[in-house]
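Peer 1: what would the 3D arrangement of this be:
(one chain, ligands or ions: 1)
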Amino acid sequence: MRAAAKAQPNIALIKYWGKRDSERNLPAVGSISITLADLQTTMCVEFDDALSSDTLTVNGASSDAMLARVSRCLDSVAGDSRARAAVVSESNFPIAAGLASSASAFAALVVAADAAASTGNSRDQLASLAGQASGSAARSLFGGYVELENAGDDIRLSQLCTADDWPLAVVVAITASGPKAVSSTVAMETSRETSPFYDRWIAQQDADLDEARSAIADTDITRLGAVAEHNCLKMHSVMWGSRPPMVFWNGTTLACMEAVRDLQAAGTPVFFTIDAGPQLKAICEPSDAGAVREALERVDGVEQVTVTGLGGGARVVADD
Ligand code: PMV
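Peer 2: Residues are numbered from 1 along each chain as shown. From the prediction side, this is the model:
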């Protein structure tokens, strides 16, 4: 009744922003992401009849803030009448700071819970259950380049190509490491209810998905970068136009964007994306990753720069 699983965060190139069904946490739009290699979350789940309630330990400290979500997710995998569980989560990167830690956490959680309870769900079923806990988590069940589509009353995941098919590098610039002020769920609802740009955002998403899919099929980083930056800035425009406005960037985030623009002007094929947090992720060829890293390290206010390749989907690992 005990198992461990490992998963990595994914970074959306074509973003999920907005829900069509908040009860079931179904996204309003499809999305395309890349799964990272070196930022990892390991989850250990032990179901134990002797426990009177679930417990959650995150990076060595007991965590009540996430416990209710974790318990609901465990119910969805192992059923309401399951034994209570002790859950231990370890991540090797800052959590709740716009690095998609909830994606790796819930992807690893559903895989570990499924193995611990021997429920035998398919990968697609586990993706759907992870997605109910955190929309972007569904994508971390798969490695490489992943598309999430809205399919009838559920989601459907597919791998567009593997990390080995097109091994790009991701350079992550950490500009602030504290937890973010507004959760994605609240920010998405505020966007839907108040932003004059929200409907246009939804209407244009299929065109961005088509363009990104085609750029990935052609391994064309210039075309992929153009549509990914456009899609990212549109998502943030939706938030800036909301009431109250939501600005997740700081001055250093903007300075990092400028550094990427300078590299582009000098002929380096690199592009940026930014999620609901102040970190900037620059995507480039592995041979350019050193130069991109140095450029971002030179930006005033950058706390840390991490380079990672692309990796595989969530999987069971030895429990030690
Ligand atoms: O999965 P959530 O609820 O944390 O939302 C993720 C939203 C973005 O990271 C901003 C975009 C995305 O597609 O991952």
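
Peer 1: for this protein, what are the low-confidence residue spans?
Peer 2: For the chain, residues meeting the criterion pLDDT under 70 lie at 94-100.

Peer 1: let's see that with 90 instead.
Peer 2: Residues of the chain that meet the criterion pLDDT under 90 lie in 63-66, 92-102, 151-153, 177-183, 319-320.

Peer 1: and the strands in the stretch 151-300 of the chain?
Peer 2: 154-161, 169-174, 270-273, 280-284 (DSSP state E, counting those that start in this stretch).

Peer 1: so which bits of the stretch 1-150 of the chain are right by the ligand?
Peer 2: Within reach of the ligand by C-beta under 6 Å from any ligand atom, the stretch 1-150 of the chain has these residues: 12, 15-17, 31, 100, 102, 134-136. Heads up, the C-betas are built off the backbone N, CA and C, glycines and all.

Peer 1: which residue does the stretch 101-250 of the chain have closest to the ligand?
Peer 2: Per C-beta to the nearest ligand atom, the residue of the stretch 101-250 of the chain with the smallest distance to the ligand is residue 136, at 3.3 Å.

Peer 1: hmm, that residue is touching residue 12, no?
Peer 2: Yes: counting by C-beta atoms under 8 Å, residue 12 is a contact partner of residue 136 at 6.6 Å.

Peer 1: quickly list what's touching both of those two.
Peer 2: Shared contacts of residue 136 and residue 12 (C-beta atoms under 8 Å, 6 or more residues apart in numbering): 31, 33.

Peer 1: from the residues of the stretch 1-150 of the chain next to the ligand, which land in strands?
Peer 2: When these are checked against strands (DSSP state E), the matches are 12, 31.

Peer 1: deepest in the core, which of the strands of the stretch 151-300 of the chain is it.
Peer 2: Of all the strands of the stretch 151-300 of the chain, strand 280-284 has the most neighbours on average by mean count of other C-beta atoms under 10 Å, namely a mean of 27.

Peer 1: want to throw the residues of the stretch 1-150 of the chain next to the ligand into CSV with distance to residue 72 and neighbour count?
Peer 2: Rendered in CSV, the data for these read as follows (distance: C-beta to C-beta, whole Å; neighbours: other C-beta atoms under 10 Å):
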residue, distance to residue 72, neighbour count
12, 23, 25
15, 25, 27
16, 20, 25
17, 23, 29
31, 23, 27
100, 20, 31
102, 13, 24
134, 11, 23
135, 15, 27
136, 17, 27
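
Peer 1: tell me which of the residues of the stretch 1-150 of the chain next to the ligand fall in helices.
Peer 2: For these, membership in helices holds for residue 102, with DSSP state H as the criterion.
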